[in-house]
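Student: When you get a sec, could you give me coordinates for this:
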Amino acid sequence: MIRQFLMSSAALFAVAAAPAFAQAAAETSDEPAEIVVTAQKRTEKLQDIPLAVTVVGADALSRQAVLNLENAQYLVPSLNFRKSGTTINQSLYIRGVGTATFSVAGEPSISTVLDGVVLARAGEAFSDLVDIERIEVLRGPQGTLFGKNASAGVVSITTKRPGDVLAGYVDAGWLFGNGNEYRVRGSLDLPLTETVRARLTGFYGSYEGNIFNDAPGVNRRVNGYERYGVRGLIEADLSDTAKLTIIADYRQANDDCCAEVIGDQPAGVAALALAGINFQGDKTRTIRQNLITRTEEKSYGISAQLDLEVGSHTLTSITAWRKYDNNEIRDGDWMHLALAGQAQLHDVGPQTGSTFSQELRLTSPSDQAFTYVIGAFYSRADTDRTFTRTVVRCGAAPSPAAILTCGSPGAVAETVSGTATFGSVFDNYALFGQGTYAVSDNLRAIVGLRFTKDDLSVFHSRVATPNIAGLPGIQRNFDAGVFATSSNGANNGDATATNGVPFRASTDATNLSGKVGLQYDFSDDVMGYGSYTRGYKGPAYNIFFNLNPTGTNVIAPEIADSFEVGLKNTLFGGKLTLNLAAFYAQYRNFQANNPDLVAGVPVTRFTNAGDVSTRGVEMDFLLRPVKDLNIAGGLTYTDAKVDRFNAPPGATVIPAGTPLAFAPKWKGTLGIDYRYRTNMAVDFTLAGNVSTQSSQLSLFDGNPALRTAGVIRPYSLVDLQFGIVDKDDKFRLTFLVKNLFDQSFPAQITNSGLGGNQLIGLRYLIPREADRYFGIQGRVNF
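Tutor: Below you'll find the model as predicted:
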C-alpha cells in the first residue's frame with residue numbers, strides 16, 4: 001500500500017539523512033545507515049544507482065552554519081559558485097560548467113529542484129536553506145529526467161516532512177567577528193487528524209556585513225542581509241492508495257550585497273576622491289559609495305503533489321506556481337560623488353516573474369526485471385524587467401588632477417538616463433522516460449529518452465532622457481532604443497518606420513536527448529557502471545539593458561555529449577563507502593557570456609561562445625570505524641577548458657586550452673565528527689571540516705594579462721565545532737569557528753575597465769567566508 005511504502009521510506013530517510021559523502025554525523029545505532037536519494041525519480045539507495053551523486057544532510061548543514069547554496073560549495077568538491085552583485089546574476093557550476101548571463105532570456109545549466117519543483121530562474125535557487133532534509137548534487141547532464149536546464153547537472157533540495165506526533169524545534173545562532181549575524185529558525189509538527197499531518201516552519205536572519213562603506217551619509221557595514229519567511233506543508237492520506245502533499249512558502253530578503261571593493265590604487269581624480277582607503281587587493285575591506293548596492297527580493301509559491309497507487313504502479317502529479325520578484329540596485333561607478341572626469345553611474349532594475357509547471361509521471365515497481373519511469377512535463381516562465389541607468393557628468397578632469405565636484409562652479413552637472421523595458425516567455429513541453437532491464441542477476445541495461453519542444457518569445461524597448469544617440473563615451477548606453485526594424489546594418493532601427501514598436505522576436509526548437517548505460521554488480525558490495533548521456537539546453541536571446549542590433553540574433557541550443565564510468569564500493573561490513581567516477585563531456589554551442597566589442601568598448605555578451613569540454617575524476621568516501629565517529633570527504637580533479645572560441649569581429653581570440661572560469665583543477669573536502677558519550681546528562685561533540693581548492697580563473701577575457709590578473713589564488717578553509725548535547729538530543733549548544741586561519745580570498749575578480757570614465761584596475765567580491773569569525777548556536781527539540 002502506498003501509505004506503508006511512504007512510511008517505510010520516511011523511516012529510511014530518518015536514519016540515512018545524517019551520513020553522506022559530504023558530511024558525517026553521530027549515530028545511535030551500531031549498524032551503518034543506508035543513504036537514500038531520489039536522483040532517478042524514485043526512492044533508492046545511493047550505492048545502488050549508476051550515477052555520481054553527493055548528498056549533504058541536515059546535520060552537516062546545521063553544523064557548518066550553511067546559509068544557502070553558496071556555503072554548500074565548501075561541502076561538495078564538484079560544486080562551485082559564481083558570486084555576483086545580486087542573486088539574479090549568480091550561478092552554480094558543476095564539473096567546471098555553468099551559465100553566467102545578465103539576460104532574462106537565458107537559462108542556467110544547473111537545474112535547481114525544490115521538493116520536485118523545477119526553479120526556472122537561477123536567482124530563485126539562492127534563498128536560505130531552512131528545515132532541509134537533504135541536498136542531492138547530481139553531476140553531468142541530467143536532462144532525461146529533470147529537463148532542459150540540467151545540461152551540466154542538478155541540485156535537488158528536499159525539505160523535512162511532518163511527523164505523526166506534536167513536536168518541533170527552535171534554534172538560534174549568533175555569529176560574530178567582522179560583523180554580527182543573528183539567525184532564528186523553528187518548525188512545528190501538527191498531527192491534525194489520524195490521516196492529516198502538517199509542518200509549519202519560520203525563520204529570520206540578519207547580518208551587518210563584512211565590508212565597511214565610509215561614504216558620507218553611509219558610514220556603516222554593508223554586504224549583509226535581512227531575511228525572513230515561512231513555509232507550510234500538509235500531508236493527507238486520502239486513502240490507503242492516495243496521498244496528497246501541499247507546500248506553500250513565502251520569503252522576503254533585503255540584502256545590501258554585494259558591493260565590489262577596488263583592490264588597487266586608482267589613478268587621477270579617483271585616487272584623490274578615494275584617498276584614505278587601504279587598497280590591499282583581496283584583503284581590502286573598505287569602499288566609498290554613495291549608493292548602497294543591494295537586492296530587494298520577494299518569492300512565494302504553492303505546489304500540490306498527488307501520489308496515487310494504480311495497480312502495482314505509482315502515478316505522481318506535481319502542479320506548481322511560483323512568483324519571483326527581484327529589484328537590483330547598483331552603484332556602477334564605485335565612488336561617492338560625481339566628479340569632472342569621473343561620471344556617476346547608478347542602476348535600478350526591478351524584475352518580476354512567474355512560473356507555472358505541471359509534471360505527470362508513472363513509476364513502476366522496483367521488484368521486477370524491467371523498471372521504468374515515464375512522464376510528461378510542461379512549464380511556462382514569464383519574466384519582465386524595467387532597468388534604468390542614470391549618469392551624472394560634468395566634463396573632463398582638470399589638469400593637474402584635482403577634485404572638481406559636478407555642480408560646483410566650473411563643473412556644470414548634466415544628468416542623462418535611459419530606461420529599458422524587456423522580457424521573455426519560455427514555454428517548455430516534454431515527454432520523457434527511463435528504464436532499467438535486468439539482463440541477468442548482475443547485469444542491468446539502462447536507456448532513457450526525452451523529447452523536448454521549446455517556444456521562446458522576447459521583447460525589448462529603450463528610451464533616453466534626453467535622446468543622446470550617437471554621442472561618444474559613456475553616453476553610448478543611451479539611445480532611442482532597439483526597434484523592430486533593427487539589423488546589423490542599421491543603428492538600432494528606424495523608430496519612425498516602426499511607429500515606436502520595440503524589438504520583438506521569437507524562436508522554437510525541438511530536441512531528442514537521452515541516456516544509455518550498463519550497470520554490473522561485481523559482488524554484493526561492489527557495483528560498476530558506464531553511461532553515455534546527451535544533454536540539451538534550449539535556445540536563448542541576449543535580452544538586457546544594453547541590447548543593440550548585433551545582439552538580436554537567436555542563440556542556438558546548447559548540446560552536451562557526456563561519458564561517465566564509476567565504481568561504488570561498500571566495504572568492511574558497511575563501515576566504509578568509497579565511490580569513484582571518471583567523466584568526459586563536450587559542450588557544443590556553449591551558451592555563455594562572451595568577451596566582445598561594441599563601438600570599440602569591451603563588453604560581455606550572452607552568446608554561443610564556442611565549444612568547451614570537461615574531463616576528470618572524482619572520489620567520495622564515508623568511513624565509520626566505530627559508532628559515533630564519522631570521517632567523510634571527497635576529492636575532484638577537473639580539467640574544463642575551451643576547445644574552440646567564437647571570436648566576434650575585432651575581438652581577441654581566447655585560445656584553445658584556456659581554462660573555463662570557476663573551474664579549479666583540484667578541490668577537496670574532509671570532515672570529521674565525533675560524539676563522546678559520557679553516560680551522564682550530556683554528551684560532547686567535536687567536529688571539523690576542511691575545504692581546499694587550487695587556483696581558478698575568474699576574469700574570462702581575451703587579454704592574457706587580464707586573465708592572469710583575474711586568477712583566484714588557491715585557498716583552504718578550516719572550520720571547527722565543539723558541542724554540548726543532551727543525551728536524549730533534547731537540546732544542543734554548539735561553539736564554532738569559521739576560517740580558523742583567516743584565509744582571505746575573493747569570490748570573483750572583475751575588470752574595472754580600460755580608462756575613459758571608468759576606474760582602472762580590478763574589483764573584488766569578498767564573501768563572508770574570507771574572514772575568520774565565530775559563532776554560538778543553540779537548539780531545543782520538543
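Student: what kind of secondary structure is the residue most central in space within the chain in?
Tutor: Most central in the chain under CA atoms, centre = their mean is Leu92, positioned 4.0 Å from the mean C-alpha point. Each residue gets one of three states, and Leu92 gets strand by DSSP: H, G, I helix; E, B strand; the rest coil.
Student: Once you drop chain neighbours, what's closest to it?
Tutor: Leaving aside its sequence neighbours, Leu92 sits nearest to Ile110 (CB to CB, 6 or more residues apart in numbering; 4.1 Å). For every residue, glycine as well, the C-beta is placed using N, CA and C.
Student: can I assume Leu623 is in contact with Asn630?
Tutor: Yes. Shown here, Leu623 and Asn630 form a contact pair, counting by CB atoms under 8 Å, at 7.3 Å.
Student: Looking at those two, which has the bigger crowd around it?
Tutor: Each of Leu623 and Asn630 has its neighbours counted (other CB atoms under 10 Å); Asn630 has more, 27 against 18.
Student: so where do the strands sit in the stretch 251-400 of the chain?
Tutor: 261-262, 286-287, 294-310, 313-331, 344-363, 370-393 (DSSP state E, counting those that start in this stretch).
Student: Switch those strands over to CSV, and while doing so, append mean neighbour count to every line.
Tutor: Listed next are these as CSV, based on neighbours: other CB atoms under 10 Å:
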stretch, mean neighbour count
strand 261-262, 25
strand 286-287, 21
strand 294-310, 19
strand 313-331, 20
strand 344-363, 19
strand 370-393, 19
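Student: Show me what Tyr93 is bridged to.
Tutor: Here Tyr93 sits in beta bridges with Asn80, Gly98, as judged by DSSP bridges.
Student: That one - how many residues pack around it?
Tutor: So Tyr93, with other CB under 10 Å, has 29 neighbours.
Student: Hmm, Thr638 and it touching each other?
Tutor: No. Judged on CB under 8 Å, Tyr93 makes no contact with Thr638 at a distance of 9.6 Å.
Student: Now for these two: what residues contact both?
Tutor: Applying CB atoms under 8 Å, 6 or more residues apart in numbering, one finds that Tyr93 and Thr638 are jointly contacted by Ala663.
Student: Can you give me the neighbour number for the residue nearest to Pro767 when sequence neighbours are not counted?
Tutor: Nearest residue to Pro767, sequence neighbours excluded (CB to CB, 6+ apart): Ala747, at 4.4 Å. Residues near Ala747, counting by other CB under 10 Å, number 23.
Student: Please verify my assumption that Ala747 contacts Asn80.
Tutor: No. Counting by CB under 8 Å, Ala747 does not reach Asn80; the two are 10.2 Å apart.
Student: hang on, Thr193 is in a helix, isn't it?
Tutor: No. With three-state DSSP as the criterion, Thr193 is assigned coil and is not in a helix.
Student: any shared contact partners between Ala747 and Asn80?
Tutor: Joint contacts of Ala747 and Asn80 (CB under 8 Å, 6+ apart) do not exist.
Student: which residues touch Val653?
Tutor: 645, 647, 702 are the contacts of Val653 under CB under 8 Å, 6+ apart.
Student: Does the nearest residue to the second one once chain neighbours are set aside belong to a helix, a strand or coil?
Tutor: Pointing back at Ala647 there. Spatial nearest neighbour of Ala647, chain neighbours left out: Val653 (4.3 Å); criterion: CB to CB, 6+ apart. The assignment at Val653 comes out as coil when based on three-state DSSP.
Student: can you check the one 10 residues further on too?
Tutor: Three-state assignment for Ala663 (three-state DSSP): coil.
Student: Would you confirm that it contacts Ala640?
Tutor: Yes. Under the criterion of CB under 8 Å, Ala663 makes contact with Ala640 at 4.0 Å.
Student: where do the contact lists of the two overlap?
Tutor: 95-97, 614.
Student: picking that back up, give the buried subset of the contacts of Val653 as a PyMOL selection command.
Tutor: Buried members of the contacts of Val653, defined by 16 or more other CB atoms under 10 Å, are picked up in PyMOL with:
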select buried, resi 645+702
